[in-house]
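**Q** Sequence first, then the predicted structure, then my questions.
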Amino acid sequence: MPDAGTLCRDLGRIRETAPVVHNITNYVVMNTTANALLAVGASPVMAHAPEEVGEMVGLAGALVVNIGTLSAQWVASMREAIRAAAGTGTPWVLDPVGAGATRLRTATALSLIEESPPSVVRGNPSEILALQGAANATRGVDSVHASDAALASAQALAASLGCVVSVSGEVDLVTDGATLVRVSNGHPLMPRVTGLGCTASALTGAFLAVNPSALEAASDAMAVMGIAGEMAMEQAHGPGTLQLYFLDALHAMTDEDVAQRVRMEVV
Amino acid sequence: MPDAGTLCRDLGRIRETAPVVHNITNYVVMNTTANALLAVGASPVMAHAPEEVGEMVGLAGALVVNIGTLSAQWVASMREAIRAAAGTGTPWVLDPVGAGATRLRTATALSLIEESPPSVVRGNPSEILALQGAANATRGVDSVHASDAALASAQALAASLGCVVSVSGEVDLVTDGATLVRVSNGHPLMPRVTGLGCTASALTGAFLAVNPSALEAASDAMAVMGIAGEMAMEQAHGPGTLQLYFLDALHAMTDEDVAQRVRMEVV
Amino acid sequence: MPDAGTLCRDLGRIRETAPVVHNITNYVVMNTTANALLAVGASPVMAHAPEEVGEMVGLAGALVVNIGTLSAQWVASMREAIRAAAGTGTPWVLDPVGAGATRLRTATALSLIEESPPSVVRGNPSEILALQGAANATRGVDSVHASDAALASAQALAASLGCVVSVSGEVDLVTDGATLVRVSNGHPLMPRVTGLGCTASALTGAFLAVNPSALEAASDAMAVMGIAGEMAMEQAHGPGTLQLYFLDALHAMTDEDVAQRVRMEVV
């Protein structure tokens, strides 16, 4: 079960083994995602050419697929990479950015899931509601719902896909359909930095690369995000400086920081 | 007419209503543009797939089109989005990055304008000169002219297109062909941060989403840019830290900051 | 021969003449690369459309080609740009990101070199080993070798291509096959910031634009990188803040900073 001990152990494993995390992600966050993975101790790689994604998945401990700035050619590569991951048993994470905002995004997210179920779907409440069929759930790419509004949808989605669903919000919810983990770390300024949700998905990939329990890996990632955000806000004065101190905190985080701050509850 | 009162009112509206601003922009600035929009209170979305741009425009309060790293497929999507904006009456902003540097850029900017006139063209002096037919105006994407050199071109372009032209420089010029607004805020280090011009275009979109007067919206954006730059330079020590404190300042800016600092003159 | 005097002179030339550096680079680093070029005094431009790369090369003092997020269409543009550079005698730099990790990357890097030999190949040790035919050299895009392990490969590659090879690492190695320059500046946290290698390649382009000696230009770039990293670490507390202070340092670096800190040895 997810707890501070699991988190510290997994963080230590990432730092020791520097797992390669293969990202097929959106243009907006490629830089910040790569930096967050490096700061936590992983080795990020970004590759989307159909000629190489299969081979790159073979080098990686996890695959992260994010549809934030999708186009037809990129979706074809995502499919190819997911098939490769299914072949090698590599865990993969789906970040369905903007699902519900346009039909293309909802349909793409659902069709990638059909290709082979992900280990973790990590989204904001509006996106999870949209994937579960709720109408008019999303406006753009920022959530218009609190995470609790998506709880039933998250549990249903997890149960039907046989995967873990991780919903970010003031309280993050991580569930495999049966167990529910509530992570209450974080800071209200975090949604004012673009792509921190995408970072959460990337870190979920890093933890999956060192821990086969998707429930624990997804919970680890959300707790590390929140703790780093809290540590960052002791230095930051706004959303600009928050970004940088967040990376500093990911890199500096000790077992003591985790033990003192983590607020993770298994329900 | 643009003044501190208009600016404060419009800034308040953005923060209250968080308008969705749809960007089809260049790879260099996607992250920083999204962060600036979030910092000012708007909700950025980046989407370029032809299958979804029409639908995404329908969710947005404004569309921002930036040709900084253009390619044929992206230009097709820009066209599609502009047509959708024309259909729904959504205001749109053109940032003609590098117009004049290559024939492709000049021709693309002019052809997008022909698709449907933008509410605002926001460029540097060299780009505005190039769009108005001046030869050899541009060298790369950084301006080689002061804004005053582009004044006549800006006024002629605004008059001929029936739109507002916003020229960034040591003194920013905003004109609808008749009225001229001069904004003297800012700091000389700002051009040493990549993409602050693109940020100005994105913020112009955010202000257009809450104020139908393109002259006021464009002036608001240039003043907010300049004021945030001045506030940032009280903390920053170079172009790196400037970027972050700039975002902090956009987020923290109060009506008092605006009142004390704004230097906007209607001619 | 490369030394502090050459470096200060070349840095001064960049700041005076602001050479245009044309980058065809990866999505992850476009923003940070542009910012580093601006901070050092150059004028970056990013352009990849086949319709304009030839014309853009004509405006540039140097071309930098980086295969970090390659795809077939982009490689075609890279070829086109390299041919244009060969035609105008414009120096070009190859950054073979991830060569060795996938067959596509190795083959692409080698085929770009065949198009027309670059002035400088700038890579990490694993990439240089891979280009020189060493098996299993690369794991993802982060090096798994120290620079000395690549010394023989770097010298052989430089000799066979008639170009300079620049290998980043704890000690940077720059060689034309005969002379070897060892640059010992830098800080161990630098590899925890994504894309600083790509920045080194971009700065190599800036120095090539003002100094036709590829050995001096490549050495200048590595020394400036390392010195800026050291200066930054006097302020930074982790990989996040390092990024920003690094840009501040590039901008603020004086001849005195160079003289006091540079550790460049010609062997």
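**A** Everything's here; your move.

**Q** Tell me the residues on the stretch 51-200 of chain A that lie near chain C, please.
**A** By CB under 8 Å from any CB of the partner chain, the residues of the stretch 51-200 of chain A that approach chain C are A:51-52, A:55-56, A:59-60, A:73. Heads up, the C-betas are built off the backbone N, CA and C, glycines and all.

**Q** ok, now which ones touch whichever residue of the stretch 51-200 of chain A sits closest to chain C?
**A** Closest residue of the stretch 51-200 of chain A to chain C, CB to the nearest CB: A:Glu52 (4.0 Å). Contact analysis of A:Glu52 by CB atoms under 8 Å, 6 or more residues apart in numbering or on different chains lists C:102-105.

**Q** Ok, A:Met1 next?
**A** Neighbouring residues of A:Met1 by CB under 8 Å, 6+ apart: A:179, A:215-216, A:266.

**Q** name the element A:Val174 belongs to?
**A** strand A:172-175 (DSSP states H and E).

**Q** how about the residues of the stretch 151-267 of chain A that lie near chain B?
**A** Contacts of the stretch 151-267 of chain A with chain B, taken as CB under 8 Å from any CB, map to A:191-195, A:236-241, A:243-244.

**Q** Pick out whichever of the residues of the stretch 51-200 of chain A next to chain C sits closest to chain B.
**A** A:Gln73 (8.9 Å).

**Q** what's the neighbour count on the closest one?
**A** Per other CB atoms under 10 Å in any protein chain shown, the neighbour tally for A:Gln73 reads 16.

**Q** pretty sure A:Asp142 contacts A:Arg192?
**A** No - in this structure, A:Asp142 is not within contact of A:Arg192 by CB atoms under 8 Å, at 9.9 Å.

**Q** so where's the stretch 1-150 of chain A shaky on pLDDT?
**A** Applying pLDDT under 70 to the stretch 1-150 of chain A flags residues A:134-138.

**Q** switch to 80 and redo it
**A** By pLDDT under 80, the low-scoring segments of the stretch 1-150 of chain A are A:134-146.

**Q** Near chain B, which residues of it? Just list them.
**A** Proximity of the stretch 1-150 of chain A to chain B, by CB under 8 Å from any CB, involves residues A:26-29, A:31-32, A:68-72, A:98, A:101-105, A:139-142.

**Q** if you set the cut-off to 7 Å instead, what comes out?
**A** For the stretch 1-150 of chain A, the contact set with chain B under CB under 7 Å from any CB of the partner chain comprises A:27-29, A:31-32, A:69-72, A:101-105, A:139-142.

**Q** PyMOL command for the buried members of the residues you listed?
**A** Of the residues of the stretch 1-150 of chain A next to chain B, the buried ones go into a single PyMOL selection, burial set by 16 or more other CB atoms under 10 Å in any protein chain shown:
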select buried, chain A and resi 27+28+29+31+32+69+70+71+101+102+104+105+139+140+141+142
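
**Q** those strands in chain A, which residues are they?
**A** All strands of chain A, identified by DSSP state E, fall at A:20-24, A:43-46, A:62-66, A:92-95, A:120-123, A:164-167, A:172-175, A:180-183, A:264-266.

**Q** Just checking: what are the partner strands of the shortest one?
**A** If you go by DSSP bridges, strand A:264-266 pairs up with strand A:180-183 (antiparallel).

**Q** center of chain A, which residue is that?
**A** A:Ser201 (1.5 Å; CA atoms, centre = their mean).

**Q** which one is that residue nearest to, not counting chain neighbours?
**A** A:Asp95 (3.9 Å; CB to CB, 6 or more residues apart in numbering or on different chains).

**Q** Then A:Pro2?
**A** A:Ser219 (3.6 Å).

**Q** Please verify my assumption that that neighbour contacts A:Asp3.
**A** No - counting by CB atoms under 7 Å, A:Ser219 does not reach A:Asp3; the two are 8.7 Å apart.

**Q** So for the two, which residue has more residues nearby?
**A** The neighbour comparison of A:Ser219 against A:Asp3 (other CB under 10 Å) goes to A:Ser219, with 33 against 16.

**Q** show me where chain A has helices.
**A** A:4-17, A:30-40, A:53-59, A:72-88, A:103-115, A:125-131, A:151-161, A:196-208, A:214-233, A:239-252, A:255-261 (DSSP state H).

**Q** Tell me which of these is the most buried.
**A** Mean neighbours per residue, mean count of other CB atoms under 10 Å in any protein chain shown, is largest over the helices of chain A for helix A:196-208, with a mean of 30.

**Q** follow-up on the earlier one: can you list residues touching both of A:Ser219 and A:Asp3?
**A** Listed as contacting both A:Ser219 and A:Asp3 by CB atoms under 7 Å, 6 or more residues apart in numbering or on different chains are A:Met264.

**Q** Look up which residues are beta-bridged to A:Arg182.
**A** Bridge pairing for A:Arg182 - DSSP bridges - gives A:Leu173, A:Glu265.

**Q** Apart from its chain neighbours, what residue comes closest to A:Arg103?
**A** Spatially, and ignoring its direct neighbours in sequence, A:Arg103 is nearest to B:Glu55 (6.8 Å; CB to CB, 6+ apart).

**Q** what's the answer for A:Leu59, then?
**A** Nearest residue to A:Leu59, sequence neighbours excluded (CB to CB, 6+ apart): A:Val20, at 5.3 Å.

**Q** For A:Ala42, see how far away that neighbour is.
**A** Distance, A:Val20 to A:Ala42, using CB to CB, to the nearest Å: 8 Å.

**Q** okay, the two: which has more neighbours?
**A** Set side by side, A:Val20 and A:Ala42 show more neighbours around A:Ala42, with 28 against 25, by other CB under 10 Å.

**Q** In terms of pLDDT, where does the residue nearest to the more buried one when sequence neighbours are not counted sit?
**A** Nearest residue to A:Ala42 in three dimensions, chain neighbours excluded: A:Ala206, at 4.2 Å (CB to CB, 6+ apart). A:Ala206 is assigned a pLDDT of 98 by the prediction.

**Q** Now do the closest residue to A:Leu38 other than its chain neighbours: how many residues are near it, please.
**A** Spatial nearest neighbour of A:Leu38, excluding adjacent residues (CB to CB, 6+ apart): C:Arg192 at 4.9 Å. Neighbour count for C:Arg192, taken as other CB under 10 Å: 21.

**Q** For A:Val120, name its beta-bridge partners.
**A** Taking DSSP bridges as the rule, A:Val120 bridges to A:Val93, A:Val164.

**Q** Correct me if wrong: A:Leu173 contacts A:Ser153.
**A** No - the pair A:Leu173 / A:Ser153 is not scored as a contact, 10.3 Å apart, by CB under 7 Å.

**Q** what sits up against stretch A:260-267?
**A** Here stretch A:260-267 makes contact (CB under 7 Å, 6+ apart) with A:1-4, A:7, A:179-185, A:219, A:223, A:227, A:230.

**Q** what about stretch A:177-197, how long is it end to end?
**A** Chord length of stretch A:177-197, first to last residue, is 21 Å (CA to CA, to the nearest Å).

**Q** for the record, mean pLDDT for that stretch?
**A** 97.

**Q** quick one, what contacts the nearest residue to A:Ala34 once chain neighbours are set aside?
**A** The spatially closest residue to A:Ala34, leaving aside those adjacent along the chain, is C:Thr194, at 3.9 Å (CB to CB, 6+ apart). Residues in contact with C:Thr194 (CB under 7 Å, 6+ apart) are A:31, A:34-35, A:38, A:44, C:28.

**Q** Let's have these in CSV, adding distance to C:Ile128.
**A** Output for these, formatted as CSV (distance: CB to CB, whole Å):
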residue, distance to C:Ile128
A:Asn31, 24
A:Ala34, 22
A:Asn35, 24
A:Leu38, 21
A:Pro44, 21
C:Val28, 20
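
**Q** which ones are touching the residue nearest to A:Leu59?
**A** So A:Val20 contacts A:43, A:45, A:59-61, C:139-140 (CB under 7 Å, 6+ apart).
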